[in-house]
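>>> Can you look at this prediction? I've put the sequence above it.
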Amino acid sequence: MMKRSAEKTRMAAAVLATLAVLAGCASPEPRYYTLASGEATAPAVTPATTPLWIEVAPVRVPERLNRAQLVVADGSAGGLKLLDLSRWSSPLPDELRDALSQQLQARLGAVDTYQQGLSEVTPVYRVTTEVVRLDGDLGQRAAATIAWTVRKLPDGKVLSGRTQTELPAPGQVDGMVSAYRQIVATTAADIAAGVQSLRP
């Protein structure tokens, strides 16, 4: 009887050890990040209001950054590495466009015809942006250079600018994404000022 009980105990221990090994071998799940702040929203449009119609075009980014994974410096001169377990919730050009649109709509009291799918509405201002540089060192810094253009329609008046920002990014990936959000907010503030300067 004692022998049988000891054998059962050994078998149970073996099963538990096997399960622990299998659990340890399971691949960790990636974590997803977004550049949208979750705070700014488009203004409500009612018959009594005339919104400012804008169109925020898709953002152009260098091909090396157009990936699901976050791309960071690897510590060597000019070297990059992909963070396989840290990914954007949508393609980076979409993340940037949506975050910029969100910020501009809130700052200008505008409605983005592109985001809202309002093909029947002609925008008054068209915003185009291109990421010239977007890089960071984990736990240290995040930097960007973003070129932008505001075109007033239909007269075609154009204002171009370039937002260059470098911020501390403590706290590994969370800190870097937070710094990137602030970079987007700074860029949106510059673009909004450009729109205002073209308004009558």
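The structure has been received and is ready for your questions. Numbering: from 1, shown residues only.

>>> low-scoring pLDDT stretches of the chain, where are they?
The model of the chain has pLDDT under 70 over residues 1-26, 38-49.

>>> quick one, helices of it?
2-25, 92-108, 113-116, 172-198 (DSSP state H).

>>> Spatially central residue for this structure, please.
When Cα atoms, centre = their mean is applied to the chain, the residue found nearest the centroid is Leu35 (3.0 Å).

>>> Need the phi and psi values for it.
According to degrees, to the nearest 10, the main-chain angles of Leu35 amount to phi -90, psi -10.

>>> That one and Arg97 touch, don't they?
No - counting by Cβ atoms under 8 Å, Leu35 sits too far from Arg97 to count as a contact (9.5 Å). Where C-beta positions appear, they are placed from N, C-alpha and C, glycine not excepted.

>>> beta partners for the nearest residue to Asp84 once chain neighbours are set aside?
Excluding its sequence neighbours, the residue lying closest to Asp84 (Cβ to Cβ, 6 or more residues apart in numbering) is Gln69, at 5.7 Å. Partner residues in beta bridges with Gln69, using DSSP bridges, are Arg87.

>>> Relative to Ser86, how far out is Gln69?
When distance is defined by Cβ to Cβ, to the nearest Å, Gln69 is 7 Å away from Ser86.

>>> Same check on Tyr33?
The value you get for Tyr33 to Ser86, if Cβ to Cβ is used, is 7 Å.

>>> Could you pull up the contacting residues of Thr128?
Contacts for Thr128 (Cβ atoms under 8 Å, 6 or more residues apart in numbering) come out as Ala57, Trp148, Thr149, Arg151.

>>> Which among those count as buried?
Judged by neighbour count, with 16 or more other Cβ atoms under 10 Å as the criterion, the buried members of those are Trp148, Thr149, Arg151.

>>> who's the nearest residue to the last one once chain neighbours are set aside bridged to?
If you skip the residues right next to it in sequence, Arg151 has Arg126 as its closest partner in space, 4.6 Å away by Cβ to Cβ, 6+ apart. When bridges are called by DSSP bridges, Arg126 pairs up with Glu55, Arg151.

>>> neighbours around Arg126, how many?
If you count neighbours by other Cβ atoms under 10 Å, Arg126 ends up with 18.

>>> Please report the distance of it from Ser89.
With the distance defined as Cβ to Cβ, Arg126 ends up 26 Å from Ser89.

>>> can you check Lys81 too?
For Lys81, the distance to Ser89 under the criterion Cβ to Cβ works out to 20 Å.

>>> before we move on, what about Leu153?
When Cβ to Cβ is applied, the distance between Leu153 and Ser89 equals 32 Å.

>>> same deal with Tyr33?
Using Cβ to Cβ, one obtains 6 Å as the distance from Tyr33 to Ser89.

>>> neighbour count winner among those two?
Tyr33 (19 against 14).

>>> and the more buried one, what does it touch?
Tyr33 makes contacts with Leu70, Ser86, Arg87, Trp88, Ser89, Val173, Val177, as judged by Cβ under 8 Å, 6+ apart.

>>> Now compare these and name the two farthest from each other.
The distance between the two most remote of the contacts of Tyr33 (Cβ to Cβ) is 13.4 Å, for Ser89 and Val173.
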